[in-house]
Every structure is written in structure tokens, then in C-alpha cells.
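**Student:** What would the 3D arrangement of this be:
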Amino acid sequence: MAYGPDDPRSRLAAAPARAAEPNAPAQYVDFTVAKPDEISDGGSRTWWVRGQNFALAYTHARAGETLERVKQPDEYVVLFPHDTALAKLTVSQEEASVQGAAMVVVPPGDSRVEVSSDTAVVRLFSAASPELLARCRNHADYAEPHTNVAPFAPWPDPVDRHALRVYPAAEHPYVKGRFGRLFRCSTFMVNLFDPDFGPRDPAKLSPHHHDDFEQCSLAVDGQYVHHIRNPWTPDMADWRDDEHVHVASPSVAIIPPPSVHTSQSVSQVRNQLIDIFCPPRHDFSATPGWVINAAEYPVPEQS
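**Tutor:** Numbering: from 1, shown residues only. All right, here's what the predicted structure looks like:
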């Protein structure tokens, strides 16, 4: 791992070296150029993309749009990445409102998201909903499971009860020594980064890899270059050139293990990224103070 001394991740325990083995290619979907997969009667546009363990639905929602989910088997996440968000979420007899950027954990069962402003809405569903995985434009890329990615296994339920849980970004400012703004539930871990105003210093990048899980990097503002280096194996047929892929926003990059990767913001104005992991990460969860809502969700024992 090549973290700078001022990067909080430099304190994480180093992962053991792994044998060289072939890996899947990274995937990129730029929603500014890709046609939407769905257009609602109200004009909302939705793109569906998946990783091995999750489906992501990115919706440019129009005011008045309703997004419903029936018989959801487990917790899912709704992200409102922009301050323009105005919405009401309903589960059974429980309601919660959102004003501004926020993450919401939605319990199993029937639910509804009613959007009152033109804004982006991102929904994250685990592999427990295979019919949603099948909607995704890159579903065929997972016809065979990627062997480097550990299968989905949910984390324990919340310590009290299932409920709508709203985490407004403005109520959880950055804290020195903590990496970003991390939340988790039984199915996902999400890092809501503050925006970068201007490009990232090219002398302070953070190339690193993951052993057995994908990283989904969702760009919600600005422009990024995703730098990817794939491992060499003894078989030259497995080798790939380094990648330096420029994307606008909104867009998604799905980065497979154990690729070495780092993302560089390059817009001169505002850049913002959200990192998504399914299921949650043990290393981040084991670092005291990093996961803001850690007290609400137990950590499973590692085998």
C-alpha cells in the first residue's frame, strides 16, 4: 500500500502478500454518455450497474417521482448525494424525511421513496435480490463468479431493531484522523467523502489494492481519472496494460481485487466521490472511531 503519512489509511495493518493470479478487468459506466436503462412516465432516468455482490441504481429523479420496493429481503441503502435532495421515505407505519445530502438505510419489506425535488437518488441492493442483479447492463460480465471476490455474506442485524435510519451528511462533519465519512449496515459500507475543490495533487495519490472484495467508486460531481494496474502472473496472456480512464460524473468504476488502484480528481471546480463496499469492510470496522454508526451494527467474527 502506498499511502502518504498524512493519510489515515497508513495506520491500517498491512495485508499479507498473495500469490499472483489472474483477475477480472475493471468496469466503467459513465452515465453522461450511456443511455438510461429505464425512463419513468414522469421523465426520471435510471441506470443499473452491478458488482459481484450488489446492484446499483442511479436515478436522475424528477420532482414527484416515487420509487417503490416490494418484499425486499434485506436492508438496502438509499443515497442522496446532493444538497438539492428533498424526499420522504415510508416503511410500514414509519416515515422519515430527507433534506440535503444523506445516506438512508431501509429495512426489509415494502418501502417507498417519494422525491419532492429534481435530484439524484442512488439505491444499493445486495445479491439477495437476484432479479435486480439481472436488470444491470453488465449482468453478463458475472455469468461466472469472479473467483477473487468473496461471496456475499450479510453482517448481523442492527442491535435494536430494523428501522429507517437517516444519516444527513451535514450532521457528521469530517474529524481529524478519521478516513472520510463512513457508515455501515448489515449489507453495505459507504464512504461519503467531502468534495474536493480543484484537482487532486498528483504527488499525493494513494495506490493500493484489496485482497478479496470489489470497490465501487461512484463519482457524483466533477471529473476523475481512475488509475488501475493489474497484477502480473506467470502467464503473459493474463497481463493487461495500465489503465488511466477519464470519467465525468455521474459515473461508476467497479475495481476488482487485487488490482492496484487510485482515483484522481481532475476538475478545476468541484469533485466528489462515494466509495461503496458490499458487504462492509472488516479493516475499516476494526479501526476505532472510523465508522460513525458502528454502535448500531455488530461486527461478525472473522473465521
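**Student:** make it CA atoms for all contacts and neighbour counts henceforth
**Tutor:** Fine.
**Student:** Can you show me the helices along the stretch 101-250 of the chain?
**Tutor:** 130-133 (DSSP state H, counting those that start in this stretch).
**Student:** can you list the residues that contact the lowest-mean-pLDDT helix or strand in the chain?
**Tutor:** Least confident helix or strand of the chain, by mean pLDDT, DSSP states H and E, is strand 196-197 with a mean of 93. Strand 196-197 is contacted by residues S265, Q268, V269, R270, N271, Q272 when judged by C-alpha atoms under 8 Å, 6 or more residues apart in numbering.
**Student:** Please repeat the previous calculation with a cut-off of 7 Å.
**Tutor:** V269, R270, N271, Q272 (C-alpha atoms under 7 Å, 6 or more residues apart in numbering).
**Student:** With respect to V225, which of these is nearest?
**Tutor:** Checking the contacts of strand 196-197 against V225 with C-alpha to C-alpha, the nearest one is N271 at 11.3 Å.
**Student:** Leaving out chain neighbours, which residue sits closest to the closest one?
**Tutor:** Counting by C-alpha to C-alpha, 6 or more residues apart in numbering, G222 is the residue found nearest to N271 once chain neighbours are left out, at 4.1 Å.
**Student:** Now V190: closest residue in space that isn't a chain neighbour?
**Tutor:** In this structure, V190 finds its nearest non-sequential neighbour in I276, 4.7 Å apart by C-alpha to C-alpha, 6+ apart.
**Student:** So that neighbour, which state does it fall into?
**Tutor:** strand (DSSP: H, G, I helix; E, B strand; the rest coil).
**Student:** quick one: it and P202, what's the gap?
**Tutor:** Per C-alpha to C-alpha, to the nearest Å, I276 is found 23 Å from P202.
**Student:** between these two, who's got more neighbours?
**Tutor:** With neighbours defined as other C-alpha atoms under 10 Å, I276 and P202 compare such that I276 has more, 24 against 10.
**Student:** Next up, the contacts around the more buried one.
**Tutor:** Residues near I276 by C-alpha under 7 Å, 6+ apart: M189, V190, N191, Q215, C216, S217.
**Student:** Mind pulling up the pLDDT for the closest residue to W239 other than its chain neighbours?
**Tutor:** Distances taken as C-alpha to C-alpha, 6+ apart place W232 nearest to W239, at 5.6 Å, with adjacent residues excluded. If you check W232, the pLDDT there is 91.
**Student:** How about F193?
**Tutor:** pLDDT for F193: 95.
**Student:** moving C-terminal of the helix or strand where I254 lies, what's the next helix or strand?
**Tutor:** Taking DSSP states H and E as the criterion, I254 maps to strand 251-255. Once strand 251-255 ends, the next helix or strand along the chain (criterion: DSSP H and E) is strand 260-265.
**Student:** which other helices and strands contact that following strand?
**Tutor:** Applying 3 or more C-alpha pairs under 7 Å, 6 or more residues apart in numbering; DSSP states H and E, one finds that strand 260-265 makes contact with strand 224-229.
**Student:** How far away from the center of its chain is the strand it packs on?
**Tutor:** Put simply, strand 224-229 sits 16 Å off its chain's centre (C-alpha atoms, centre = their mean, to the nearest Å).
**Student:** tell me what it is packed against?
**Tutor:** Applying 3+ C-alpha pairs under 7 Å, 6+ apart, one finds that strand 224-229 makes contact with strand 243-247, strand 260-265.
**Student:** ok, back up a step: what angle separates the strand holding I254 from strand 260-265?
**Tutor:** Relative orientation of strand 251-255 versus strand 260-265 (axes from the mean of the first three to the mean of the last three C-alpha atoms, to 10 degrees): 160 degrees.
**Student:** Which of the contacts of strand 196-197 sits closest to Y58?
**Tutor:** Using C-alpha to C-alpha, these come closest to Y58 at Q272, 15.4 Å.
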